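Enquirer: Sequence and predicted structure below; questions after.
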Amino acid sequence: MLPGVRLPGVSDLRRSRLQARIESTAPGRALISLFAVSTVFTVLVVNMPDSELKDHLLVPFAPVLRATGLDQNWGVFSDVRSVSVFVEGRVQAADGSTTVIPIPSRSGIAALSDYRWQKYEEQVRLDDNRGLWGPYANWLVDRARARGLDPVRVSLVRRFADTLPPGPGPERAPYTEFTFFELPVTAPR
């Protein structure tokens, strides 16, 4: 026997006989055609824009949708972003210098290992997540001290710009900045 070659088994023969019997009768062919037409109809309806009509048409097909997995929609994809937003920490040292520390990120395949930072950036920039600001600022203080700096203040800054339409010209409008959190730093104990 050749490697990778599979001979039909008994269950394959039974299945092919059953299929042949169904396909050989008029009611069987009608059943297969009905299934194909209803599947195509269901796919068309599930891709309609949300409306009352769509809701009513899908009621009888809900079990088929769930059983086949055809109930997936475009809602799993996020909207196209119209604004680019970044968060960066600015650490002011005792000597008056300021060090800018962006949220860690890399490009290409290496970005996958830093993806958690991108998700953190999406959360830390939101006003609803004020509880993240202090701990993140303290983390920046620890990083600055590890680099040999003597931090006296940490600021968290949102940088944002409108994304422009595709075509010639810049990708986005000029950035605007907003300091949304400041932490005075006390001397280490």
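Expert: Happy to help now that I have it.

Enquirer: Which residue ranges of the protein form strands?
Expert: 83-93, 98-102, 151-162, 176-184 (DSSP state E).

Enquirer: helices or strands next to the longest one in the packing?
Expert: Contacts of strand 151-162 with other secondary structure elements, assessed using 3 or more CB pairs under 8 Å, 6 or more residues apart in numbering; DSSP states H and E, are made with strand 83-93, helix 133-146, strand 176-184. The C-beta positions use only the backbone N, C-alpha and C, and glycine is treated the same way.

Enquirer: Just give the strands next to that strand in its sheet, each with its orientation.
Expert: If you go by DSSP bridges, strand 151-162 pairs up with strand 83-93 (antiparallel), strand 176-184 (antiparallel).

Enquirer: Output the longest helix seen in the chain as PDB - backbone C-alpha positions only.
Expert: Secondary structure assigned by DSSP state H gives helix 26-46 as the longest helix of the chain. The C-alpha trace of helix 26-46 is given here as PDB (Å, rounded to 0.1, in the frame of the first residue of the first chain):
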ATOM      1  CA  ALA A  26     -37.200  12.900  -7.000                       C
ATOM      2  CA  PRO A  27     -38.000  13.600  -3.300                       C
ATOM      3  CA  GLY A  28     -34.300  13.200  -2.400                       C
ATOM      4  CA  ARG A  29     -33.200  15.600  -5.200                       C
ATOM      5  CA  ALA A  30     -36.000  18.100  -4.100                       C
ATOM      6  CA  LEU A  31     -34.700  17.900  -0.500                       C
ATOM      7  CA  ILE A  32     -31.100  18.500  -1.600                       C
ATOM      8  CA  SER A  33     -32.300  21.500  -3.800                       C
ATOM      9  CA  LEU A  34     -34.400  22.900  -0.900                       C
ATOM     10  CA  PHE A  35     -31.400  22.700   1.400                       C
ATOM     11  CA  ALA A  36     -29.100  24.400  -1.200                       C
ATOM     12  CA  VAL A  37     -31.600  27.200  -1.900                       C
ATOM     13  CA  SER A  38     -32.400  27.800   1.800                       C
ATOM     14  CA  THR A  39     -28.600  28.000   2.600                       C
ATOM     15  CA  VAL A  40     -28.100  30.500  -0.200                       C
ATOM     16  CA  PHE A  41     -31.100  32.500   1.000                       C
ATOM     17  CA  THR A  42     -29.900  32.400   4.600                       C
ATOM     18  CA  VAL A  43     -26.400  33.600   3.600                       C
ATOM     19  CA  LEU A  44     -28.000  36.500   1.700                       C
ATOM     20  CA  VAL A  45     -30.300  37.500   4.500                       C
ATOM     21  CA  VAL A  46     -27.700  37.300   7.200                       C
END
